[in-house]
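Engineer: got a sequence here, can you model it:
(2 chains)
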Amino acid sequence: DGGITQSPKYLFRKEGQNVTLSCEQNLNHDAMYWYRQDPGQGLRLIYYSQIVNDFQKGDIAEGYSVSREKKESFPLTVTSAQKNPTAFYLCASSPRPSGETQYFGPGTRLLVL
Amino acid sequence: GQQVMQIPQYQHVQEGEDFTTYCNSSTTLSNIQWYKQRPGGHPVFLIQLVKSGEVKKQKRLTFQFGEAKKNSSLHITATQTTDVGTYFCAGGGFQKLVFGTGTRLLVSP
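Structural biologist: Numbers count the residues shown, from 1 in each chain, chains lettered A, B, ... in the order given. Purely as a prediction, here's the structure:
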């Protein structure tokens, strides 16, 4: 069953702790993306990767970090430097970069207390 | 940078009424894509338009791409409660998609 998986669905953390959100895809897609969505708002791009071992900052990269060591995986770390980390985080992938159709995972809701 | 705006931000209709959301880009697009996000869910791809002036239909949904490839619309005929959700357009053709601000649709039975 091909697709994108994100785990966990809900994540609770204490303020000041780093937390890593996982994103795995078995679609053999080259490009992967991380978005943040706040209640009632649109999608804001955090980071994206067009190829293994390479990634670029999106519009709101401050306080976040990523890695792309494998084609299938694109984990996102929310660091303690992120001032308002509570949000819905969505991972997506596309066959190739440059505006291709994106396929989204189910998302992780992060609540920082 | 490139911006993609959508109007209206929110619309509440009675079941059976029509609904339209409009998408406008600050720059010419290579393609326009539409996504639907159900409440509590994730965005799901609906359709992609590539050609200037292109019109595509999916059952009760009609999608248009403007002649200048800078605007698009999604029209739903005779809405149903299953149409509830947020509709996003996304401008393609660059290193990344640029998502619109979204239109949230609420349908009352």
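Engineer: what about the residue of chain B found nearest chain A, how many neighbours?
Structural biologist: Nearest to chain A, among the residues of chain B, is B:G92, at 3.0 Å (C-beta to the nearest C-beta). Every residue, glycine included, has its C-beta placed from N, CA and C. By other C-beta atoms under 10 Å in any protein chain shown, the residues close to B:G92 number 21.
Engineer: identify the bridge partners of it.
Structural biologist: Note on B:G92: beta-bridge partners by DSSP bridges are B:N31.
Engineer: so it sits against B:S30, correct?
Structural biologist: Yes. In this structure B:G92 lies within contact range of B:S30 using C-beta atoms under 8 Å: 5.6 Å.
Engineer: and residue 51, what is it in contact with?
Structural biologist: Defaulting to chain A. The contact partners of A:I51, by C-beta atoms under 8 Å, 6 or more residues apart in numbering or on different chains, come to A:30-31, A:68.
Engineer: that's the wrong chain, I wanted chain B
Structural biologist: Listed by C-beta under 8 Å, 6+ apart, the contact set of B:K51 reads B:F65.
Engineer: check for me that it belongs to a helix.
Structural biologist: No. Going by DSSP: H, G, I helix; E, B strand; the rest coil, the assignment for B:K51 is coil, not a helix.
Engineer: who in chain B is up against chain A?
Structural biologist: Applying C-beta under 8 Å from any C-beta of the partner chain, one finds that chain B approaches chain A through B:30-31, B:33, B:41-45, B:48, B:88, B:90-97, B:99-102, B:104.
Engineer: of these, which belong to strands?
Structural biologist: Using DSSP state E, the members of those that fall within strands are B:31, B:33, B:43-45, B:48, B:88, B:90-92, B:99, B:104.
Engineer: which residue lies nearest the spatial centre of chain A?
Structural biologist: In chain A, the centroid-proximal residue (C-alpha atoms, centre = their mean) is A:W34; its distance is 3.1 Å.
Engineer: near chain B, which residues of chain A?
Structural biologist: When proximity is defined by C-beta under 8 Å from any C-beta, chain A lies next to chain B at A:33, A:35, A:40-43, A:45, A:48, A:50, A:56, A:58, A:90, A:92, A:97-107.
Engineer: go again using 6 Å as the cut-off
Structural biologist: Taking C-beta under 6 Å from any C-beta of the partner chain as the criterion, chain A approaches chain B at residues A:42-43, A:48, A:90, A:97-99, A:101, A:104, A:106-107.
Engineer: what is the nearest of the residues you listed to chain B?
Structural biologist: Checking the residues of chain A next to chain B against chain B by C-beta to the nearest C-beta gives A:G99 as the nearest, at 3.0 Å.
Engineer: A:R96 reaches A:N28, doesn't it?
Structural biologist: No. Applying C-beta atoms under 6 Å as the test, A:R96 and A:N28 come out as separate, 10.9 Å apart.
Engineer: where do the strands sit along chain A?
Structural biologist: Going by DSSP E, chain A shows strands at A:4-7, A:10-13, A:19-25, A:31-37, A:43-51, A:54-57, A:64-66, A:76-78, A:87-94, A:103-104, A:108-112.
Engineer: which of those strands sits closest to B:S52?
Structural biologist: Ranking the strands of chain A by proximity to B:S52 (C-beta to C-beta) places strand A:87-94 first, at 23.3 Å.
Engineer: beta-bridge partners for the closest residue to B:H42 other than its chain neighbours, please?
Structural biologist: Nearest non-adjacent residue to B:H42, counting by C-beta to C-beta, 6 or more residues apart in numbering or on different chains: A:F104, 4.3 Å away. Legend: beta-bridge partners of A:F104 under DSSP bridges are A:A92.
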